[in-house]
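In: Sequence and predicted structure below; questions after.
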Amino acid sequence: MTKSRPSTRASLLALAVAAAFSGAAGAAPTVSRLTPPSELFSSGEAYPIISRFLAGQKFDMQATVQPDAGTTITGFQFAIDGAPVTPAPGTTSIVTTGLVPGLPENTAVVSVRGYSNSTPGIHTLSVTATQSDGQTVTATGNFEVVGVSSTGRKVKNVIILLGDGMGSGHRTAARIMQYGVTQGKARGKLAMDTFPVAASIMTPSLNSIITDSAPGMQNYVTGNKANNNQEGVFPDDTTAAFDNPRVEYMAEFLARTQDKKLGIVTTSDVFDATPASNAVHTQNRGAGTGIVDQYFDDRAKTGLTVLMGGGRKWFLPNPTQCNGAEPDCSSAGGVVNFNGSARANSSDYVLPPDIVAGWGAAPGGNDPSRDLIADFQAAGWNYASDLATLNASGADRPLLGLFALSNMNVALDKLGKRRGVSTVVDDYGFPDQPLLEEMTGKALDVLDAHSPNGFVLMVEGSSIDKQAHNMDTERFIMDTIEFDKAVAVASEYAKTHPDTLVLVTADHECAGVAVIGGSRVTDADLQAKIATGGGAAVVRNEVVGVYDGAGFPNYGIAADGYPANTDPDYKMLVGYAANADRYEDWRTNAEPLRDSQQPGNGVAPLNAYPSSPLSRDTVGDFLVTGQVPGTTAVHTGNDIPLSACGRGASLLGGTMDNTDVFFQLMQATVGGASASTATRCK
């Protein structure tokens, strides 16, 4: 018997009824973002595991939920391995305003703040959201909790020395300039060269193979990837700079569980990406007012005991803002007060209550007129404004040192002042700035006096990166040498404090630096060739010696322990693989490029400094065409070297992701590490 087919009219009627029924019931909402990030959520693949946490480490859970048209999100539930999460009171939120453009109407960002999990293993994370018509959606991701084992004595102190942008090329150039080479053998080693443990570090960020300094640092001290520009947070879909889902820093965890203290020392502005990515939670590395406020307001959470660098402009009160047109205002793009203050409501914050409750964080406030130096002093901190006051400062109190309005001057220019051959630091208005090794020694004195349970100290040589960006060869090399002298100070401390782990690394490589050869002429001959304006035919072809022609450059050492002359005869020559257009004449630049972060950058005397690599070294007419757009060299994706010594150093080695370093540091400090004479600092 043949079954009759329904008529076309009947089929259309059935479809219409089904569509009407579906419309009455409504469509389900969708989840467009689930945090912590996972490959399981983004692609359906269970591996690789993107987000990993130490057992007990705090982090936020968050989802972006897009409801069906005409509905709203009315509730949500996070679950771990199928078991509902019970949030602490006040730690949840549903946010529907202040979202990034392009999201559908009534999109909601739902959060649970300050969650932690102590069960090692891979866990399933799910969120179920309900919209106003009763429809629900469930999305799933995963994360891993990493445990530690009890192995030997715990490391008491961790010293992380981070040469910003420092790759193998920077280290090689510094070694050659500082010690020289004879008959193929180095005449000496950098302090970091003597460390017995070595590793190669992969540096990609959460959203690119090329990281910037913010995730480049935070990956070491949270165990998790972040987007470029972001510090101590995961990305989200709100526009606010300080409300992103947080992940707990190593310093926060160790302050909370072991009462360890934190020291941050840098030659940059202290608001900059690397220092802030040890203690501050924000998606905007440029939000200086809020960043420095968070240093102070949450110092009990992080254990902050030492903070040194530049950046005084964020600490000075700004009661009357000007628009940048007056002579006393900066032309650098910021709102600056006559006294150099850059504090502004636009870079400050008030935290939402769920973060305050979930993290015990200070709520913040929009307060451009705040005198933050006075606040530190009222809280019992010593304050140093230059080398003289730093030397006079005792170890009896926590220490704040602010030695410039923004970034400190580089080693070449600080030494030029001390040697009486340069006035660059006078032009910047801060003639008595300390060297990084002097800051490091004082930081260790203070931390040693205030940290019976140990400390974490981060020391950054920041202008290795900044001057490599500028393709200013002698300035980045001298800053690498300055950084290495700070490494030596830390190594000496570890020799007498054997429960100390010291590691030297970088956040990324900058500029594709390479030692390409040596000059074939004396400095006098080089100057004469430059004066001809002969371009590449003269300044390149008649100067650059490769292979046998490179020889063995010799710089000599002055009484202060630094190279005596950065323009010797037959000097070392450096090239850049990630360069912008520049003019090159191979000689030391008398002045640095203008620093756009400096108040007063647009007025005399700083406005007379060269503005870009195309506005200096032009006499020789040797234009090196760049491979990247813009006016500065860029970061590269090259792996970078890590060197370590001390208790726990043997946990490091091989080729590692930068987040792997965090878990080895936590194994050493929380679980313990066996002592080994082979890894002692020497």
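Out: Cool, the structure landed. Residues are numbered from 1 along each chain as shown.

In: how far is stretch 588-602 from where the chain is centred?
Out: Centroid separation between stretch 588-602 and its chain, computed with CA atoms, centre = their mean, to the nearest Å, is 22 Å.

In: Name the residues of it that come out as buried.
Out: Neighbour-count burial for stretch 588-602 flags 588-589, 591-595, 597-602 (criterion: 16 or more other CB atoms under 10 Å). Just so you know, the C-beta spots here come from the backbone N, C-alpha and C atoms, and that holds for glycine as well.

In: from the residues you listed, which two are the most distant?
Out: Largest separation among these by CB to CB: 588 and 599, giving 26.7 Å.

In: all strands of the stretch 201-350 of the chain, in order?
Out: 261-269, 304-310 (DSSP state E, counting those that start in this stretch).

In: right, and those - which one's nearest residue 486?
Out: That would be strand 261-269 among the strands of the stretch 201-350 of the chain, by CB to CB, at 8.0 Å.

In: ok, that closest one: who's next to it in the sheet?
Out: Paired neighbours of strand 261-269 in the sheet (DSSP bridges): strand 304-310 (parallel), strand 455-461 (parallel).

In: Rebuild those as a markdown table, extending it with mean neighbour count.
Out: Below are the strands paired with strand 261-269 laid out as a markdown table (neighbours: other CB atoms under 10 Å):
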| stretch | mean neighbour count |
| --- | --- |
| strand 304-310 | 27 |
| strand 455-461 | 29 |
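
In: Run through the residues that contact residue 431.
Out: Listed by CB atoms under 8 Å, 6 or more residues apart in numbering, the contact set of residue 431 reads 417, 425.

In: quick one: it from residue 420, how far?
Out: Distance, residue 431 to residue 420, by CB to CB, to the nearest Å: 12 Å.

In: Then residue 282?
Out: Going from residue 282 to residue 420 by CB to CB gives 42 Å.

In: quick one, which of those two is more surrounded?
Out: When residue 282 and residue 420 are compared for neighbours, residue 282 comes out ahead with 26 against 7, by other CB atoms under 10 Å.

In: my read: that one touches residue 242, true?
Out: Yes. At 5.1 Å, residue 282 and residue 242 qualify as touching, with contact defined as CB atoms under 8 Å.

In: what touches both of those two?
Out: Joint contacts of residue 282 and residue 242 (CB under 8 Å, 6+ apart) are 290, 294, 349.

In: Strands of the stretch 351-500 of the chain, residue ranges please.
Out: Ranges of strands within the stretch 351-500 of the chain are 382-384, 399-402, 455-461, 500-505, based on DSSP E, counting those that start in this stretch.

In: re the thing from before, and the shared contacts of residue 282 and residue 242, which is closest to residue 248?
Out: Nearest member of the shared contacts of residue 282 and residue 242 to residue 248, counting by CB to CB, is residue 294, at 14.3 Å.

In: so what's the closest one up against?
Out: Residue 294 neighbours (CB under 8 Å, 6+ apart): 242, 279, 280, 281, 282, 362, 364.

In: what about the first one, distance to residue 281?
Out: What that stands for is residue 242. Distance of residue 242 to residue 281, given as CB to CB: 7 Å.

In: between these two, who's got more neighbours?
Out: Set residue 242 next to residue 281 and count neighbours by other CB under 10 Å: residue 281 wins out with 30 against 25.

In: shouldn't residue 637 be in contact with residue 216?
Out: No. Using CB under 8 Å, residue 637 makes no contact with residue 216, being 11.3 Å away.

In: Touching, residue 644 and residue 503? I think so.
Out: Yes. Residue 644 lies in contact with residue 503 (CB under 8 Å); the separation is 4.2 Å.

In: Mutual contacts of the two, please.
Out: Common contacts of residue 644 and residue 503 (CB under 8 Å, 6+ apart): residue 652.

In: The residue nearest to residue 222 when sequence neighbours are not counted: what's it in contact with?
Out: Using CB to CB, 6 or more residues apart in numbering and skipping the chain neighbours, the partner closest in space to residue 222 is residue 247 (4.8 Å). Neighbour list for residue 247: 36, 53, 57, 58, 59, 60, 222, 223, 224, 232, 233, 234 [criterion: CB under 8 Å, 6+ apart].

In: What is the neighbour count of the fourth one?
Out: Residues near residue 58, counting by other CB under 10 Å, number 20.

In: any idea how far it lies from residue 221?
Out: Separation of residue 58 from residue 221 (CB to CB) stands at 14 Å.

In: can you redo the strands paired with strand 261-269 as JSON lines with distance to residue 317 and mean pLDDT?
Out: Shown next, in JSON lines, are those (distance: least, CB to CB, whole Å; pLDDT from 0 to 100):
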{"stretch": "strand 304-310", "distance to residue 317": "18", "mean pLDDT": "99"}
{"stretch": "strand 455-461", "distance to residue 317": "27", "mean pLDDT": "99"}
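
In: Of these, which is nearest residue 131?
Out: The nearest among those, by CB to CB, is strand 304-310 at 43.3 Å.

In: Would you mark the buried spots in stretch 547-558?
Out: Using 16+ other CB under 10 Å as the test for burial, stretch 547-558 gives 550, 553, 554, 555.

In: Same check on stretch 91-103?
Out: For stretch 91-103, by 16+ other CB under 10 Å, it's 91, 92, 93, 94, 95, 96, 99.

In: Distance to residue 105 and secondary structure for those residues - can I get that in a markdown table?
Out: Below are the buried residues of stretch 91-103 laid out as a markdown table (distance: CB to CB, whole Å; DSSP: H, G, I helix; E, B strand; the rest coil):
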| residue | distance to residue 105 | secondary structure |
| --- | --- | --- |
| 91 | 27 | coil |
| 92 | 22 | strand |
| 93 | 19 | strand |
| 94 | 15 | strand |
| 95 | 14 | strand |
| 96 | 9 | coil |
| 99 | 10 | strand |
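
In: Out of those, flag the one nearest to residue 664.
Out: Nearest to residue 664 out of those is residue 91 (CB to CB; 30.7 Å).

In: Need the CA coordinates for the longest helix seen in the chain. PDB is fine.
Out: Determined from DSSP state H, the single longest helix within the chain is helix 473-496. Extracted C-alpha coordinates of helix 473-496, given in PDB (Å, rounded to 0.1, in the frame of the first residue of the first chain):
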ATOM      1  CA  THR A 473      72.500  51.400  20.200                       C
ATOM      2  CA  GLU A 474      74.900  52.800  22.800                       C
ATOM      3  CA  ARG A 475      72.000  53.800  25.100                       C
ATOM      4  CA  PHE A 476      70.400  50.300  25.200                       C
ATOM      5  CA  ILE A 477      73.800  48.600  25.600                       C
ATOM      6  CA  MET A 478      74.800  50.900  28.500                       C
ATOM      7  CA  ASP A 479      71.400  50.200  30.100                       C
ATOM      8  CA  THR A 480      72.000  46.500  29.700                       C
ATOM      9  CA  ILE A 481      75.300  46.900  31.500                       C
ATOM     10  CA  GLU A 482      73.600  49.000  34.300                       C
ATOM     11  CA  PHE A 483      71.000  46.200  34.600                       C
ATOM     12  CA  ASP A 484      73.700  43.600  34.900                       C
ATOM     13  CA  LYS A 485      75.300  45.500  37.700                       C
ATOM     14  CA  ALA A 486      72.000  45.200  39.500                       C
ATOM     15  CA  VAL A 487      72.100  41.500  38.800                       C
ATOM     16  CA  ALA A 488      75.400  41.400  40.500                       C
ATOM     17  CA  VAL A 489      74.000  43.100  43.600                       C
ATOM     18  CA  ALA A 490      71.200  40.500  43.800                       C
ATOM     19  CA  SER A 491      73.600  37.600  43.300                       C
ATOM     20  CA  GLU A 492      75.800  38.900  46.200                       C
ATOM     21  CA  TYR A 493      72.700  39.100  48.400                       C
ATOM     22  CA  ALA A 494      71.800  35.500  47.500                       C
ATOM     23  CA  LYS A 495      75.300  34.300  48.400                       C
ATOM     24  CA  THR A 496      74.700  35.200  52.100                       C
END
